[in-house]
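>>> coordinates only, sequence not included:
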């Protein structure tokens with residue numbers, strides 16, 4: 001079991017706190033709004049009404065013992081920056097902060113955030129990719145144009161082995177796993193002689209431009 005603190009209990013913060021708690025972790029939820037704190041109380045280990053922008057109040061919580069602190073203060077950009085600065089100076093090892101735009105992200109990282117997220121931007125990308133590449137079920141953008149994607153087996157792959165398809169040579173893509181639906185199974189690092197079925201989902205790693213090439217297959 002890990003220990004987390006979530007500061008800011010808007011929609012994003014609320015659902016992060018709830019999901020972490022449901023996964024069996026210890027979660028401390030913090031917000032200045034009493035109604036939000038009361039709403040999240042059944043879905044966390046401890047819910048606290050507190051002004052996290054106040055250094056003394058924040059230090060009293062002992063958050064330096066947390067595995068990670070999630071900062072999600074909505075549109076209050078200056079508040080999130082100040083909180084990240086305090087957490088960093090307090091010695092919190094993992095600080096994940098919600099960024100509203102790229103400039104906000106840069107500042108958050110300079111004051112101590114170890115990781116940032118853009119919920120609206122990330123969801124928009126997922127929706128757009130789902131519409132433009134209908135055979136791609138899900139994707140995770142990685143550094144330097146790479147993506148990790150789940151792809152429904154293209155019709156041109158069905159009945160062929162990975163060796164026959166030769167994705168690495170033809171498309172510079174790597175199949176790192178296969179989700180078999182019928183029967184349900186997960187094959188990590190499948191062998192070259194693995195034959196693809198029409199119900200399989202391929203988990204692939206590669207450049208976005210190369211992944212785009214297989215959507216027509």
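Perfect, I can see it now. Model, not experiment: these values are computed from the prediction.
>>> for the chain, what spans make up the strands?
3-7, 26-31, 46-49, 68-71, 95-98, 115-117, 136-141, 146-152, 174-180, 185-188, 201-207 (DSSP state E).
>>> Can you name the residues in contact with the shortest one?
Counting contacts by C-beta atoms under 8 Å, 6 or more residues apart in numbering, the residues outside strand 115-117 that touch it are 94, 95, 96, 97, 98, 99, 105, 108, 109. Glycine gets a C-beta too; all of them are placed from N, C-alpha and C.
>>> Is it possible to get TSV of those that adds neighbour count and pLDDT?
Converted to TSV, the contacts of strand 115-117 look like this (neighbours: other C-beta atoms under 10 Å; pLDDT from 0 to 100):
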residue	neighbour count	pLDDT
94	15	95
95	26	96
96	19	95
97	28	94
98	24	91
99	22	90
105	17	90
108	26	94
109	16	93
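>>> from those, which single one is nearest residue 37?
Each of the contacts of strand 115-117 was checked against residue 37 using C-beta to C-beta; the closest is residue 98, at 18.1 Å.
>>> Can you tell me which of the strands of the chain has the worst average pLDDT?
Per-stretch mean pLDDT for the strands of the chain is lowest at strand 136-141 (a mean of 54).
>>> what would the strands of the chain look like in JSON lines with distance to residue 89?
Output for those, formatted as JSON lines (distance: least, C-beta to C-beta, whole Å):
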{"stretch": "strand 3-7", "distance to residue 89": "15"}
{"stretch": "strand 26-31", "distance to residue 89": "18"}
{"stretch": "strand 46-49", "distance to residue 89": "20"}
{"stretch": "strand 68-71", "distance to residue 89": "13"}
{"stretch": "strand 95-98", "distance to residue 89": "11"}
{"stretch": "strand 115-117", "distance to residue 89": "18"}
{"stretch": "strand 136-141", "distance to residue 89": "31"}
{"stretch": "strand 146-152", "distance to residue 89": "34"}
{"stretch": "strand 174-180", "distance to residue 89": "40"}
{"stretch": "strand 185-188", "distance to residue 89": "41"}
{"stretch": "strand 201-207", "distance to residue 89": "38"}
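>>> just checking, residue 61 touches residue 29?
No. Contact criterion C-beta atoms under 8 Å: residue 61 and residue 29 do not qualify, at 11.5 Å.
>>> Overlap in contacts, the two.
Residues touching both residue 61 and residue 29 by C-beta under 8 Å, 6+ apart: 5, 48.
>>> between the two, who's got more neighbours?
Comparing residue 61 with residue 29 by other C-beta atoms under 10 Å, the one with more neighbours is residue 29, at 29 against 19.
>>> wait, doesn't the more buried one sit right on residue 52?
No. Contact criterion C-beta under 8 Å: residue 29 and residue 52 do not qualify, at 11.2 Å.
>>> sorry, back to before: could you point out which of the strands of the chain sits nearest residue 77?
strand 95-98 (10.4 Å).
>>> Summarise which helices and strands that closest one is packed against.
strand 68-71, helix 77-90, strand 115-117 (3 or more C-beta pairs under 8 Å, 6 or more residues apart in numbering; DSSP states H and E).
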